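Quick one: sequence plus predicted model below, questions after.
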Amino acid sequence: MNNLNLIENPLVKRDVTILRDKETNTASFRAALNRVSYAIAIEIAKSFELEQIEVTTPLENTIGYKIKKQIVLVPVLRAGLSMVDAFLKMIPDANVGHIGLQRDEVTLKPIDYYYKAPKKLDESITIVLDPMLATGGSAVASFNSLKQKGANHCMLACLIAAPEGIKKMNEEHPDVPIYTASLDRQLNDVGYILPGLGDAGDRTFGTL
Ligand SMILES: O=P(O)(O)OC[C@H]1O[C@H](OP(=O)(O)OP(=O)(O)O)[C@H](O)[C@@H]1O
Ligand SMILES: O=c1cc[nH]c(=O)[nH]1
Ligand SMILES: [Mg+2]
């Protein structure tokens, strides 16, 4: 699990607990996911390369910094949408692509229904946003599509990851670092993460 970055922060642990709790309502669920997404964005940004620029304060010139590469955020529909706001608050000039995937409930294979991403992925840092990494099928399919379009500097931001999904990502996309707020125990026999939080899309959008 050498490409795994586990975010260790008491506020994140508090929020993951809120997200797991089946009594948490939709509004509180969205708010907690938003807060955790900020923490993940800040952790991921530690790896961004900077370029020195000159900046003029009201008093004198000094050295400043800009992020060297364009950032592209790619939420996986639907649940990934819940992470976009926080990432955009921290990286307001990011471009945003969208990938639509829905897991088949029986085969657990992702069914592809939408793809739209900015051009010039080869010059960007491409960050896939999806709260749940379960079998890893959706994440692997997302990076397959993005790399086919030129993405060569990729990262995955998720809220909860299962060992099965991390293993699959390590096998298929070993170059992609995974950032997660929790490493959970295992999948159950219908592909849900244990202990997990249930269906992230349904809990975010109130479609339970
Ligand atoms: O690692 P995997 O086994 O592929 O599972 C993870 C996927 O399952 C969920 O999406 P879902 O298919 O429920 O779609 P939704 O976001 O529209 O609810 C989740 O948001 C991931 O995209
Ligand atoms: O536990 C899981 C697994 C896949 N997708 C979810 O939303 N939750
Ligand atoms: Mg779902």
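Perfect, thanks for sending it. Ligands and ions are numbered 1, 2, ... in the order given.

Report pLDDT for Thr204.
On pLDDT, Thr204 comes in at 97.

do the same with Met1
56.

for this structure, what spans make up the strands?
For the chain, strands defined by DSSP state E occupy the ranges 4-6, 50-56, 61-67, 70-77, 95-96, 98-103, 110-116, 124-129, 132-133, 154-161, 178-183, 186-187, 193-194.

Single out the most deeply packed of the ones you listed.
Across the strands of the chain, averaging neighbours per residue (mean count of other C-beta atoms under 10 Å) puts strand 132-133 on top, at a mean of 28. Where you see a C-beta, it was placed from the backbone N, CA and C, and this is true even at glycine.

Okay, now the sheet partners of it, with direction.
strand 154-161 (parallel) (DSSP bridges).

just the angle between the strand it pairs with and strand 124-129, please?
With axes from the mean of the first three to the mean of the last three C-alpha atoms, to 10 degrees as the basis, strand 154-161 and strand 124-129 are set at 20 degrees to each other.

close to ligand 3, is strand 154-161?
No - Strand 154-161 lies out of reach of ligand 3 by C-beta under 5 Å from the ion, never closer than 12.9 Å.

quick one: that strand to chain centroid distance?
Offset of strand 154-161 from its chain centre (C-alpha atoms, centre = their mean, to the nearest Å): 4 Å.

Over to stretch 4-22?
14 Å.

Number of residues surrounding Asp189?
5 (other C-beta atoms under 10 Å).

residue contacts, it?
Listed by C-beta atoms under 8 Å, 6 or more residues apart in numbering, the contact set of Asp189 is empty.

Then Ile166?
1, 4, 133, 136, 178, 183.

Can I get those in a markdown table including distance to ligand 2?
Below are the contacts of Ile166 laid out as a markdown table (distance: C-beta to the nearest ligand atom, whole Å):
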| residue | distance to ligand 2 |
| --- | --- |
| Met1 | 19 |
| Leu4 | 18 |
| Leu133 | 8 |
| Gly136 | 10 |
| Ile178 | 15 |
| Leu183 | 14 |
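
which parts of the protein sit against ligand 2?
Within the chain, the positions near ligand 2 by C-beta under 6 Å from any ligand atom are 79, 132, 134, 191-193, 196, 199-201.

Select from these the one having the most neighbours.
Met132 (27 neighbours).

you'd agree that one is up against Ile160?
Yes - between Met132 and Ile160 there is a contact under C-beta atoms under 8 Å: 5.9 Å.

shared neighbours of the two, anything?
With C-beta under 8 Å, 6+ apart as the test, Met132 and Ile160 both reach 193, 196.

residues contacting Glu105?
When contacts are taken as C-beta under 8 Å, 6+ apart, Glu105 is in contact with Val190.

From ligand 1, how far out is it?
Separation of Glu105 from ligand 1 (C-beta to the nearest ligand atom, to the nearest Å): 9 Å.

what's near enough to touch the closest residue to Met132 other than its chain neighbours?
What sits nearest to Met132 in space, not counting adjacent residues and going by C-beta to C-beta, 6 or more residues apart in numbering, is Ala200, at 4.9 Å. Contacts for Ala200 (C-beta under 8 Å, 6+ apart) come out as 33, 79, 82, 131-132, 159.
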